[in-house]
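A.B. asks: this one's sequence-less:
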Ligand code: MCF
Ligand code: FE
């Protein structure tokens, strides 16, 4: 059976941010491939026997994509220190075990998943440091790119740590499905030994796995990689008792290491990236997490970068946020750039939560187009989000970010979720 869903406004989420009035999408029940996108009346005429749903005051758009989230830290309330990256990392190292060894672990992960679905998120880039959230995510309705994170700078235990990443990756491969993609995360240039990084990059290349890394997030990381000095010098002395620790990479050598990657590659944060470095990683999609960046690093991704590079958006974990609601993240981002034209910014941010999210994760969704995955959401409103006489200057993307709360319909992988 063919199904048609339509709404007063459709955000196609292609690069030019096309908006259809009284538009819709058609697909075959349970087949994860959009058949047609267009005018609702025309679709209804073409597929006469289709099952039809039309929401007059609704906005139909691709299901949102939270490109960077740590579900495992979902139990954090006020345990970590904000306002300075060094203080945050110290507080995390001190409290990590308390936070993670929680009897309510399963319900914490499920809460995070429900928070995604309830805000219209259909896909996530889930960074997992330990693997405990793997089974729950694999069996959830979310489409999940599951990044098994590698971390460790001590060469003596690198074999053990590498074996641990491989074990988690293999477990994830056994759970692979159309909605669960195993992937690799390199935690960051300051925390990962190059022996392990290189092996994992080779693996990503040979098995075409998506790869993600935190990159140039803090002034401390920048100072460490470019001047071999500052907070991280003390960090390695305290943590590993290394007297004269040296960074493993410069920003440039880290990026050069990633050049062979031809499939999905994402770099999260990048608050301190230079133009030269941006040119060196043209194969990467940036991911920005505005609230996390404000809380840990007192900064937002520079507007020129947000506007000129395809940038996905994520909430990060509750380890650096008050919640993992992507709509709240979009609202914060809207207020973070007062120098930007607010309507253009709204479109950029919505593409960050759809089209660019899909690019970051290597997914076939994030846009309403023929042959793309049937991942969409409809949000209904009491009134239309635009005035009839203003169709030439449609501010609906802005009003959507301001007012969207919870979808009335959410489809993932051609299956109804809400
Ligand atoms: O993205 C933020 C800030 N930057 C780095 N790491 C994390 C973030 N949120 C959670 N983390 C985790 C990371 O996955 O914190 C630990 C890792 O498990 C840091 S260990 C140096
Ligand atoms: Fe993160």
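C.D. replies: Arrived safely. Small disclaimer: the values here were computed from a predicted structure and weren't measured. Ligands and ions are numbered 1, 2, ... in the order given.

A.B. asks: residue 288 versus the closest residue to residue 310 other than its chain neighbours, what's the distance?
C.D. replies: Excluding its sequence neighbours, the residue lying closest to residue 310 (CB to CB, 6 or more residues apart in numbering) is residue 356, at 4.6 Å. Glycine gets a C-beta too; all of them are placed from N, C-alpha and C. Using CB to CB, to the nearest Å, we find residue 356 at a distance of 10 Å from residue 288.

A.B. asks: what of residue 263?
C.D. replies: Taken as CB to CB, the span from residue 263 to residue 288 is 21 Å.

A.B. asks: up against ligand 1, what does the stretch 201-350 of the chain have?
C.D. replies: With CB under 6 Å from any ligand atom as the criterion, the stretch 201-350 of the chain comes near ligand 1 at residues 214, 217, 292, 316-317, 319-320.

A.B. asks: out of those, which end up buried?
C.D. replies: Neighbour counting over these (16 or more other CB atoms under 10 Å) leaves 214, 217, 292, 316-317, 319-320 as the buried ones.

A.B. asks: redo these as JSON lines? Include secondary structure and pLDDT.
C.D. replies: Listed next are those as JSON lines, based on DSSP: H, G, I helix; E, B strand; the rest coil; pLDDT from 0 to 100:
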{"residue": "214", "secondary structure": "strand", "pLDDT": "98"}
{"residue": "217", "secondary structure": "coil", "pLDDT": "98"}
{"residue": "292", "secondary structure": "helix", "pLDDT": "99"}
{"residue": "316", "secondary structure": "coil", "pLDDT": "98"}
{"residue": "317", "secondary structure": "coil", "pLDDT": "98"}
{"residue": "319", "secondary structure": "helix", "pLDDT": "98"}
{"residue": "320", "secondary structure": "helix", "pLDDT": "98"}
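
A.B. asks: who touches stretch 275-287?
C.D. replies: Stretch 275-287 is contacted from outside by 67-68, 125, 212, 216, 251-252, 255-256, 258-259, 261-262, 264-270, 301, 305, 309-314, 356, 359-360, using CB atoms under 8 Å, 6 or more residues apart in numbering.

A.B. asks: one more pass at 6 Å, please.
C.D. replies: Residues outside stretch 275-287 that contact it (CB atoms under 6 Å, 6 or more residues apart in numbering) are 67-68, 251, 255, 265-268, 270, 309-312, 314, 359-360.

A.B. asks: hmm, back to that, more crowded one of residue 263 and residue 288?
C.D. replies: For residue 263 versus residue 288, neighbours defined as other CB atoms under 10 Å are more numerous around residue 288 (28 against 14).

A.B. asks: please report the distance of the more buried one from residue 406.
C.D. replies: Distance from residue 288 to residue 406, by CB to CB: 24 Å.

A.B. asks: which residues are in contact with stretch 81-89?
C.D. replies: The contact list for stretch 81-89, computed with CB under 6 Å, 6+ apart, reads 80, 91, 218, 220, 231, 295-297.

A.B. asks: same thing but 8 Å
C.D. replies: 80, 90-91, 217-221, 231, 235, 295-298, 320.

A.B. asks: quick one, phi/psi of residue 81?
C.D. replies: phi -90, psi 130 (degrees, to the nearest 10).

A.B. asks: right, I mislabeled it, should have said residue 16
C.D. replies: According to degrees, to the nearest 10, residue 16 has phi -90, psi 10.

A.B. asks: who touches it in this structure?
C.D. replies: Contact analysis of residue 16 by CB under 8 Å, 6+ apart lists nothing.

A.B. asks: quick check: the residue of the protein nearest ligand 1.
C.D. replies: Nearest residue of the chain to ligand 1: residue 129, at 3.5 Å (CB to the nearest ligand atom).

A.B. asks: I'd say that residue and residue 150 touch.
C.D. replies: No. In this structure residue 129 lies outside contact range of residue 150 using CB atoms under 8 Å: 9.3 Å.

A.B. asks: list residues touching both of these two?
C.D. replies: residue 187.

A.B. asks: so for these two, which sits in the more crowded spot?
C.D. replies: Set residue 129 next to residue 150 and count neighbours by other CB under 10 Å: residue 150 wins out with 26 against 20.

A.B. asks: that one - nearest residue in space that isn't next to it in sequence?
C.D. replies: residue 165 (4.6 Å).

A.B. asks: in the protein, which strand is the longest?
C.D. replies: Once the chain is assigned using DSSP state E, the strand that runs over the most residues is strand 51-62.

A.B. asks: direction included, what does that strand pair against?
C.D. replies: strand 2-11 (parallel), strand 376-379 (antiparallel) (DSSP bridges).

A.B. asks: now tabulate those strands in JSON lines and tack on mean neighbour count and distance to residue 191.
C.D. replies: Shown next, in JSON lines, are the strands paired with strand 51-62 (neighbours: other CB atoms under 10 Å; distance: least, CB to CB, whole Å):
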{"stretch": "strand 2-11", "mean neighbour count": "24", "distance to residue 191": "38"}
{"stretch": "strand 376-379", "mean neighbour count": "26", "distance to residue 191": "36"}
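
A.B. asks: closest one to residue 121 among these?
C.D. replies: Ranking the strands paired with strand 51-62 by proximity to residue 121 (CB to CB) places strand 376-379 first, at 8.5 Å.

A.B. asks: which elements pack onto the very next helix or strand once past that closest one?
C.D. replies: As assigned by DSSP states H and E, the chain's next helix or strand after strand 376-379 is helix 396-403. Judged by 3 or more CB pairs under 8 Å, 6 or more residues apart in numbering; DSSP states H and E, the packing partners of helix 396-403 are strand 2-11, strand 51-62, helix 326-336, helix 342-352.

A.B. asks: got the buried residues for helix 396-403?
C.D. replies: Neighbour-count burial for helix 396-403 flags 396-401 (criterion: 16+ other CB under 10 Å).

A.B. asks: is it true that the residue nearest to residue 150 touches residue 184?
C.D. replies: Yes. If you go by CB under 8 Å, residue 165 and residue 184 touch, sitting 7.4 Å apart.
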